[in-house]
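> Sequence isn't available, so here's the structure alone:
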């Protein structure tokens, strides 16, 4: 029995080391969120529950956030990656900026594949337990959080794309 426990420990640790992706935290337990809404540029309201069946990435950002600026172009390219056709990305501005400022941010960075969304910073921060931005939350097809990225990352990273493709 002792050898079985040691074997499982070694296997699980080697698997964890294999997924060496910057700022990625894989949840030990899946997390469920109820009634989370956010709006688009036309003030149309979206409910997170409407996207069950899709792999969802919620990216929380602000225009004044330098790491957000750094990662946004790679997030834009992730939206159209051929191996992630079931992925829906929602970049949600929680910096309380107006539409003009957020749109200029997207234009300056040549973000063409993502739409702008806005959310209440207090509600979202509390619901997701955000400690800073950027933070990206990954939800499986059942709408459950299975991982998050705390801080910026390179969404073009091959290891990340291969790992994420397993959930597509």
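That came through fine. As the structure is a computational prediction, the values presented were derived from the model and not from experiment.
> switch to C-alpha atoms for all contacts and neighbour counts from now on
Will do.
> SS state for residue 53?
coil (DSSP: H, G, I helix; E, B strand; the rest coil).
> ok, and the closest non-adjacent residue to it?
Leaving aside its chain neighbours, residue 53 sits nearest to residue 141 (4.3 Å; criterion: Cα to Cα, 6 or more residues apart in numbering).
> just residue 32 next, same as before
In space, residue 32 is closest to residue 144, 5.0 Å off (Cα to Cα, 6+ apart).
> what's the answer for residue 60, then?
According to Cα to Cα, 6+ apart, the nearest residue to residue 60 is residue 92 (5.0 Å).
> what's the one you found in contact with, if anything?
38, 58-61, 116-119 (Cα atoms under 8 Å, 6 or more residues apart in numbering).
> can you give me the helices for the protein?
2-18, 66-78, 99-108, 121-128, 158-165 (DSSP state H).
> Tell me which other helices or strands the longest strand belonging to the chain touches.
Among the segments of the chain that qualify as a strand by DSSP state E, the longest is strand 24-32. On a contact count with 3 or more Cα pairs under 8 Å, 6 or more residues apart in numbering; DSSP states H and E, strand 24-32 meets strand 144-150.
> Tell me the gap between the strand it packs on and the middle of its chain.
Mean-position distance between strand 144-150 and its chain equals 7 Å (Cα atoms, centre = their mean, to the nearest Å).
> One more: stretch 125-137?
Counting by Cα atoms, centre = their mean, stretch 125-137 comes out at 10 Å from the chain centroid.
> change the start of the numbering to 13 and stick with it
That works, and once the first residue is 13, the last one we named lands at stretch 137-149.
> Quick one: mean pLDDT over it.
Mean pLDDT, stretch 137-149: 93.
> tell me which residues of it are tucked away?
Residues of stretch 137-149 classed as buried by neighbour count (16 or more other Cα atoms under 10 Å): 137, 142, 145-149.
> With stretch 51-61 instead?
51-52, 60.
> show me what contacts the residue nearest the centre of the chain?
Geometric centre of the chain, nearest residue: residue 148, 2.9 Å, by Cα atoms, centre = their mean. For residue 148, the contacting residues are 69-72, 160-162, by Cα under 8 Å, 6+ apart.
> who does it bridge with?
residue 71, residue 161 (DSSP bridges).
> remind me which residues of this protein are low pLDDT?
13-31 (pLDDT under 70).
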